[in-house]
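Enquirer: Need the 3D shape of this:
(2 chains)
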Number of protein chains: 2
Amino acid sequence: MTRARTEITRLREKARTDRAELDALLDAARVGHFGLVDAAGRPVVIPTAIARDGDRLLLHGSTGSHWMRSLAEGGPTCVTVTELDGLVIARSAFESSMHYRSAVLFGACSALPPDEIAPALDLITETLLPGRSAEVRRPTRRELEATLVLALPITEWSLKVSAGWPDDPPEDVAGDVWAGVLPIVRGYGTPNPAPDLRPGIALPPSVGLIESPRRSQTESGPR
Amino acid sequence: MTRARTEITRLREKARTDRAELDALLDAARVGHFGLVDAAGRPVVIPTAIARDGDRLLLHGSTGSHWMRSLAEGGPTCVTVTELDGLVIARSAFESSMHYRSAVLFGACSALPPDEIAPALDLITETLLPGRSAEVRRPTRRELEATLVLALPITEWSLKVSAGWPDDPPEDVAGDVWAGVLPIVRGYGTPNPAPDLRPGIALPPSVGLIESPRRSQTESGPR
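Expert: Below is the predicted model:
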């Protein structure tokens, strides 16, 4: 088979080739599912926090993590990043589906050199909670040494986006069954202070500011 | 290495062995990420809707899907199901993390025989939208023939749950940095009727009822 493995062969109309759309998904998603092949040739799928750094995807973990070390060896991997945006409720179960965005990236990870770890961790922190890295102390040498940061180049990828209305045949549209889209909403709730938080420490800007915008921007209808 | 591959070796305190906790995650999550090994021995990760049917996990797709047919061949697979429940905002970047629930299941899928497909699809519909299967027409023979339903037995699995407070060292707790948990909220927004919905068709009970309970039950704080 000479077909590229990034070629989408099913539901081709949902394929996207716009890198900006890929980046938007990678920036919105907090977790990717990394595939590896174990020593016995069997697949293993590991969920890991991700952050995009330009043309590469960063992931981090403990130097004690078996799977992080396996990924660092640079064997072939595949990471899939999926966000669900709604239920497509058609007039039949058959036509019902979901709104989703799903990216599949192929490649190999490599470990960042020691001097790139601190800036990469800042970027990861800023991706999750903008402004946070300036609110906390700098990582210690010991913390940096305990952390493995890997990068996967964003080169070989495919993206599938389902964002349409139910597509029922005329005989079903003529019937009495409701059809539409139920959006899935994501956001943040009210921050819970740690039980050991010392009195008088106010909610910092990073946590206070992220709440409402994230919550309101996530509701999506069909486009 | 004789260790079982379901043994959790990192962050052991987060390991859970209670089947009810696994079921709760599988029932709450809508998507699983299935790992396969392609013909060249490389990993591939495919996102697919899942529904638990007792002691097995069901997934469905088109008989035209290459990856569904690959899974149906019964080779070894791994499916990982992850839900993010919050950001753990510690006093340092190093101690910051996430609240998550993550299950990894190993095994092999098998295709359901033709007479089990319709009831399995009803169960999948009911899992996503209780009451919906009675609101829509029955699937046609052609629709059933175009659908592949696979089952993965829930036998070999591990579950990891992160649900605690930030665990900062005393010298950081003594400082002036805020710490706590920012819950991630999930739910449904307002249903959008399809543009071709005929006038006078009211929102059905399945869609009307799912909205508020789901939205309110999803906010989680540390336990």
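Enquirer: Residues in a beta bridge with residue A:182, which ones?
Expert: Judged by DSSP bridges, the bridge partners of residue A:182 are residue A:87.
Enquirer: pLDDT score assigned to it?
Expert: On the pLDDT scale, residue A:182 is placed at 96.
Enquirer: Check residue A:132 too.
Expert: 97.
Enquirer: That one: neighbouring residues, count only.
Expert: 23 (other Cβ atoms under 10 Å in any protein chain shown). For the C-beta atoms, the positions are set from N, CA and C on the backbone; glycine is no exception.
Enquirer: What are the neighbouring residues in contact with the residue positioned nearest the centre of chain A?
Expert: By Cα atoms, centre = their mean, the mean C-alpha position of chain A lies nearest to residue A:29, the distance being 2.8 Å. Listed by Cβ atoms under 8 Å, 6 or more residues apart in numbering or on different chains, the contact set of residue A:29 reads A:50, A:81-83.
Enquirer: which residues does residue A:105 bridge with?
Expert: Where residue A:105 sits in a bridge, its partners, by DSSP bridges, are residue A:79, residue A:157.
Enquirer: doesn't residue A:152 make contact with it?
Expert: Yes: between residue A:105 and residue A:152 a contact is recorded at 6.4 Å, counting by Cβ atoms under 8 Å.
Enquirer: Pull up the overlap in contacts between those two.
Expert: By Cβ under 8 Å, 6+ apart, the residues touching both residue A:105 and residue A:152 are A:57, A:79.
Enquirer: hey, where'd the helices end up in chain A?
Expert: A:19-28, A:66-72, A:114-128, A:141-145, A:170-173, A:205-217 (DSSP state H).
Enquirer: What ranges in chain A fall below the confidence cut-off?
Expert: Counting by pLDDT under 70, the ranges of chain A that qualify are A:1-3, A:211-223.
Enquirer: let's see it at 90
Expert: Confidence mapping of chain A against pLDDT under 90 gives the ranges A:1-17, A:208-223.
Enquirer: thinking again about what came up before, okay, the helices of chain A in JSON lines with distance to residue A:183 and mean neighbour count next?
Expert: Shown next, in JSON lines, are these (distance: least, Cβ to Cβ, whole Å; neighbours: other Cβ atoms under 10 Å in any protein chain shown):
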{"stretch": "helix A:19-28", "distance to residue A:183": "15", "mean neighbour count": "15"}
{"stretch": "helix A:66-72", "distance to residue A:183": "34", "mean neighbour count": "19"}
{"stretch": "helix A:114-128", "distance to residue A:183": "23", "mean neighbour count": "17"}
{"stretch": "helix A:141-145", "distance to residue A:183": "40", "mean neighbour count": "13"}
{"stretch": "helix A:170-173", "distance to residue A:183": "22", "mean neighbour count": "13"}
{"stretch": "helix A:205-217", "distance to residue A:183": "12", "mean neighbour count": "15"}
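Enquirer: got the ones you listed as TSV, with distance to residue B:145 columns?
Expert: Below are these laid out as TSV (distance: least, Cβ to Cβ, whole Å):
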stretch	distance to residue B:145
helix A:19-28	34
helix A:66-72	40
helix A:114-128	46
helix A:141-145	57
helix A:170-173	18
helix A:205-217	42
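Enquirer: Of the contacts of residue A:29, which belong to strands?
Expert: Of these, the ones assigned to strands by DSSP state E are A:50, A:81-83.
Enquirer: filter these by proximity to chain B?
Expert: Filtering those for neighbours of chain B using Cβ under 8 Å from any Cβ of the partner chain leaves residue A:82.
Enquirer: Return the entry from the ones in strands among the contacts of residue A:29 with the maximum number of neighbours.
Expert: That'd be residue A:81 among the ones in strands among the contacts of residue A:29, by other Cβ under 10 Å, with 26 neighbours.
Enquirer: dump the residue contacts of it.
Expert: Residue A:81 neighbours (Cβ under 8 Å, 6+ apart): A:25-26, A:29, A:31-33, A:50, A:102-103, A:105.
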